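Asker: for reference, the sequence and a predicted model appear below.
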2 protein chains.
Amino acid sequence: MPDLRKDPIVGRWVIIATDRAKRPHDFAREKERSTTATVFDPFLAGNESATPSEILAYREAGTHRDKPGWRVRVVPNKFPALQVEGQLSKRGDGIYDLMNGIGAHEVIIECPHYEESMARLTLDNIREVIWVYRDRLVDLKKDRRLVHGLVFKNKGALAGATIDHSHSQLIVTPVVPINVWEEMEGALGFYNYRGRCIFCDMVQQELATGSRIVLDLPNFVVFCPFASRFPFETWILPKQHSSHFENIQRQQVEELGLVLKTVLCKLELALDDPPYNYIIHTAPFDTQELQHYHWHIEIMPRLTRVAGFEWGSGFYINPVLPEQAAAFLRDTDIDPARMV
Amino acid sequence: MPDLRKDPIVGRWVIIATDRAKRPHDFAREKERSTTATVFDPFLAGNESATPSEILAYREAGTHRDKPGWRVRVVPNKFPALQVEGQLSKRGDGIYDLMNGIGAHEVIIECPHYEESMARLTLDNIREVIWVYRDRLVDLKKDRRLVHGLVFKNKGALAGATIDHSHSQLIVTPVVPINVWEEMEGALGFYNYRGRCIFCDMVQQELATGSRIVLDLPNFVVFCPFASRFPFETWILPKQHSSHFENIQRQQVEELGLVLKTVLCKLELALDDPPYNYIIHTAPFDTQELQHYHWHIEIMPRLTRVAGFEWGSGFYINPVLPEQAAAFLRDTDIDPARMV
């Protein structure tokens, strides 16, 4: 059972998951291994037995669980950071706090064929991935022990991916992650002071200014944020205020599929297939619709290395003007033949 | 002039330093370049003209500025993230805040000969590096525009180093970095509630428990923290309460040299010369001695990759028990011949 341990100074939680682990000397040896591409693809249709049994799959009528015929498939992570079974058993140890590592860690396999790039999936395929994100969050929030779900994608080894086949992950935790908490607190502070959602204000100012806009569609706006931490950091925000991603509406899913595909195609073309992470920022499970918080997606190409200064300070050094990155992405044209 | 821009939601500052930069298409090309070792070493004695003119050097009597004869040498970073000249010019832009990128970015060249590993420098050499850290902070805090100094080291390309010759860096900022702010706030909260310094409490509990202790000397204690984010994360704390590193006493410098060398030797031996960062956590310039804050050094070997989940949540997954890491480091014996 993994431990969840809390840093007593800043309140950050850490998962100590020794099941995923390595003995100390394994680290010494690791760097000698070359990073060759995986020969066997455990996420390919037909290889279902290589993963734990599926939790959810969108599949063709008449096909069977853990057999081919699926279009998008969700399985537990084979090396989960958290596990579903058990009690939280919150406890103290002097000045320290800890609990059992209860939660969920799932993998969303985005397509049955081998494809590394989500940008090359069809629009319908991407929309189904978005629906799967929603379905899993709606299901997991029924578990009262769990309070937050984080959907994210690691694309490319430099962004932390260990399997090349296009996939995303979902980690559901029994405590609100500190970054989510700080974002919620910051947004609440603004709301208490100004009486408005800060994200709605950002959308308004970005649309008025225009210089950081990448894409402007009826339901979504895409821009490079004013204080981008990373070169070509790109955010996708729904124009209509909503705090919980899982309350997304059908017409929004339709458009978000197009938006996500377009933005990922632009990043791929502009930066020659960069490693990247994206993260869906959404409100905790145990809150109703919030006036001060606004769900959104943050896409972070991993082009620069984060070093000691960033770790120590939380201060990021970004060598590219967000306005320049946005202009470059705006001007990157996509072959219409790709947009199917 | 770089921009300092503030994220309006969480209050994080970002340095947009386009002078260091690259055009968008440079990123596309970068990954094709192989990471060959630098042939020319700009930090070698005799190559002084390859760096900006020195700010400080500990040198042999009769030798001259920007000429050989130095033992430790400080120069401005050739590609500074912040610059000393100019006005802050704090200003707003709608909901956004920004100011000019005023500050200092210095490089501490730790030895005149080619050596990649600080652990292989002599004890006297390491002590002089610590004195240089102190001297630079004492000097820079006279500038009223500047409020915080962050001393850090990037060792190895995976930890962000671009030059192999052993060196550290110092970035001094006109605002308190968000991570420092959060650490101070967390420690203040504990102090207000319990009336004690949380770091002093940690030292006490760690010494009483013993399982996470790596080294216990009269003035300093070294342990793997209870909620370690990274495998083999190791902290060095002075036993006597003190909030500002630059107020370090002579006898502490003597012992800290020994502690730093011992710990770095142990990490090198145990993990086969891992990439790592270390960071000196110290209170902002514009405060007197604080009862609630306690300076310390955090060493973070870079053995695991930080991916989307960590970025999104601030939740870290650590595959090694801190107790196991500490035991392994405790049991790693160093050849006494190295400890000179």
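Answerer: That came in fine, so what should we check first? Numbering: from 1, shown residues only, chains lettered A, B, ... in the order given.

Asker: most distant residue from the centre of chain A?
Answerer: The outermost residue of chain A, judged against the average C-alpha position, is A:G94 (34.9 Å), by Cα atoms, centre = their mean.

Asker: find the nearest non-adjacent residue to it, please.
Answerer: Computed as Cβ to Cβ, 6 or more residues apart in numbering or on different chains, the closest residue to A:G94 that is not its neighbour in sequence is B:Q205, at 4.6 Å. Every residue, glycine included, has its C-beta placed from N, CA and C.

Asker: neighbours of that neighbour, how many?
Answerer: Residues within reach of B:Q205, counting by other Cβ atoms under 10 Å in any protein chain shown, total 17.

Asker: likewise A:R144?
Answerer: Residues lying near A:R144 (other Cβ under 10 Å) number 9.

Asker: all helices of chain A, in order?
Answerer: Using DSSP state H, the helices assigned to chain A run over residues A:24-30, A:123-140, A:178-194, A:198-209, A:250-271, A:308-313, A:322-330.

Asker: in a markdown table: those helices, plus mean pLDDT.
Answerer: Formatted as a markdown table, those follow (pLDDT from 0 to 100):
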| stretch | mean pLDDT |
| --- | --- |
| helix A:24-30 | 58 |
| helix A:123-140 | 98 |
| helix A:178-194 | 94 |
| helix A:198-209 | 97 |
| helix A:250-271 | 97 |
| helix A:308-313 | 76 |
| helix A:322-330 | 96 |
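
Asker: quick one: the residue nearest to A:G94 from A:E289, how far?
Answerer: B:Q205 is 42 Å from A:E289, where distance means Cβ to Cβ, to the nearest Å.

Asker: swap in A:V74?
Answerer: From A:V74 to A:E289 the distance is 26 Å (Cβ to Cβ).

Asker: quick check on these two: which one has the bigger neighbour count.
Answerer: A count of neighbours by other Cβ under 10 Å puts A:V74 above the other of A:V74 and A:E289, at 23 against 11.

Asker: in this structure the more buried one contacts A:V132, no?
Answerer: Yes: between A:V74 and A:V132 there is a contact under Cβ atoms under 8 Å: 6.2 Å.

Asker: residue numbers of the stretch 51-200 of chain A in contact with chain B?
Answerer: Residues of the stretch 51-200 of chain A lying near chain B by Cβ under 8 Å from any Cβ of the partner chain: A:81, A:93-96, A:150, A:152-154, A:159-161, A:169, A:171, A:173, A:177-180, A:182-183, A:186-187, A:190, A:198-199.

Asker: what sits in contact with each of A:V74 and A:V132?
Answerer: Listed as contacting both A:V74 and A:V132 by Cβ atoms under 8 Å, 6 or more residues apart in numbering or on different chains are A:56, A:108.

Asker: grab the nearest non-local neighbour of the one residue in the stretch 51-200 of chain A that gets nearest to chain B.
Answerer: Nearest residue of the stretch 51-200 of chain A to chain B (Cβ to the nearest Cβ) works out as A:G160 at 2.4 Å. Once flanking residues are discounted, A:G160 sits nearest to B:A307: 2.4 Å by Cβ to Cβ, 6+ apart.

Asker: one more: A:L140?
Answerer: Closest residue to A:L140 apart from its sequence neighbours, by Cβ to Cβ, 6+ apart: A:V172 at 4.9 Å.

Asker: is the one you found in a bridge, and if so with what?
Answerer: Note on A:V172: beta-bridge partners by DSSP bridges are A:A104, A:G149.

Asker: got a list of what the residue nearest to A:G94 touches?
Answerer: Listed by Cβ under 8 Å, 6+ apart, the contact set of B:Q205 reads A:94-96.

Asker: again, but for A:K239
Answerer: A:K239 neighbours (Cβ under 8 Å, 6+ apart): A:203, A:218-221.

Asker: also A:E289?
Answerer: A:242-244, A:247.

Asker: same question, A:L150
Answerer: Neighbouring residues of A:L150 by Cβ under 8 Å, 6+ apart: A:170-173, A:177, A:180, A:279-280, B:309, B:312-313.

Asker: the bottom helix or strand of chain A by mean pLDDT?
Answerer: helix A:24-30 (a mean of 58; mean pLDDT, DSSP states H and E).

Asker: now, of the residues of the stretch 51-200 of chain A next to chain B, which are buried?
Answerer: By neighbour count, with 16 or more other Cβ atoms under 10 Å in any protein chain shown, these hold A:81, A:95-96, A:150, A:152-154, A:159-161, A:169, A:171, A:173, A:177-180, A:182-183, A:186-187, A:190, A:198-199 as buried.
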